[in-house]
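Engineer: Sequence and computational prediction follow.
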Amino acid sequence: MAGHSKWAGIKHKKAIVDAQRGKVFSKVIRELTSAARLGGGDPEANPRLRLAVQKAREANLTKDALEKAIKRGTGVLPGTTYEEMVIEGYGPGGVAILVELLTDNKNRTSAEIRSLFSKHAGNLAGAGSVSWLFQKKGLILLSAAGLDQDRLMEAVLEAGAEDLTVDGEQATVTTPVQSFEAVKLSLQQSGFAWESAELSLLPSSTVRVDDPAKARALLSLLDALEDQEDSQHVYANFDIPDVLLAEHSASA
């Protein structure tokens, strides 16, 4: 889990850089549109849309673009309809990988994801082959610099969090889905600012990858899957030594 949390932190920092380059706008807009189509255009009544709006603001999406994406989802404006896809597979070292996508062409997307797995020494698996290894949880990341850990623990545990871990410069709060909003509210009321807060799929068990070559190949595959245009989220159950994660992050 520690390795997974570090990877979540690395992904968040990469997302900030990508947002500055405008690379995340497409993914954010797709999620806004799909969330509005499935649950309505009111963020207060649609938790998925509320999270999508939060991510859009973090990515500095303009208010006009945000509102138009929601209106396309509710049908007020014309626009592309995206379908949800989940593709499962294994990467180097036998690591389970699950990719959530939004696409307007499932055949094209399936072919592209299959090609990425093949190119990076991975292979696809049937539906349900790896999804059982993951559980949906709330995942909140905070900077550990100057953090009052006792006060933080009190704030999150009383609100229903499952766990709080501090590793180096990062604090990670894990919550059940039903307590996610309550924990976020408690953090806000207690004066804690989080760096990232999202619903994520966390592995119930992990696969240790100590071999540097396999670790690099795996992380390259995960990066390629993250960068695929239809990809929304990529989850994996690896446990990679911190030094290898740091090396990969520095070279990215």
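Structural biologist: Yep, it's here.

Engineer: CA atoms for contacts and neighbours, from now on please.
Structural biologist: Fine.

Engineer: in the protein, which spans are strands?
Structural biologist: Here the chain has its strands, by DSSP state E, at 83-91, 95-103, 123-125, 134-143, 163-167, 170-175, 196-203, 207-208, 231-236, 238-239.

Engineer: between those strands, which gets the lowest average pLDDT?
Structural biologist: Ranked by mean pLDDT, these bottom out at strand 163-167, with a mean of 88.

Engineer: now for it, which elements pack on it?
Structural biologist: Using 3 or more C-alpha pairs under 8 Å, 6 or more residues apart in numbering; DSSP states H and E as the contact test, the elements touching strand 163-167 are strand 170-175.

Engineer: if we can go back for a sec, mind checking which of the strands of the chain is nearest Met153?
Structural biologist: strand 163-167 (6.7 Å; C-alpha to C-alpha).

Engineer: ok, back up a step: Asn46: which of the strands of the chain is closest?
Structural biologist: Per C-alpha to C-alpha, nearest to Asn46 of the strands of the chain: strand 196-203, 14.0 Å.

Engineer: That closest one pairs with which strands, parallel or anti?
Structural biologist: Each strand paired with strand 196-203, and its direction, by DSSP bridges: strand 134-143 (antiparallel).

Engineer: So which bits of the strand it pairs with are buried?
Structural biologist: Residues Phe134, Lys137, Gly138, Leu139, Ile140, Leu141, Leu142, Ser143 are the ones in strand 134-143 that count as buried (16 or more other C-alpha atoms under 10 Å).

Engineer: There's contact between the second one and Val173 in this structure, I believe.
Structural biologist: No: under the criterion of C-alpha atoms under 8 Å, Lys137 makes no contact with Val173, lying 10.0 Å away.

Engineer: between the buried residues of strand 134-143, which is closest to Thr74?
Structural biologist: The shortest approach to Thr74 among the buried residues of strand 134-143 belongs to Gly138, at 26.5 Å (C-alpha to C-alpha).

Engineer: ok, so what distance separates that closest one from Glu112?
Structural biologist: 30 Å (C-alpha to C-alpha, to the nearest Å).

Engineer: Off-centre distance for stretch 57-72?
Structural biologist: Distance of stretch 57-72 from the chain centroid (C-alpha atoms, centre = their mean, to the nearest Å) equals 19 Å.
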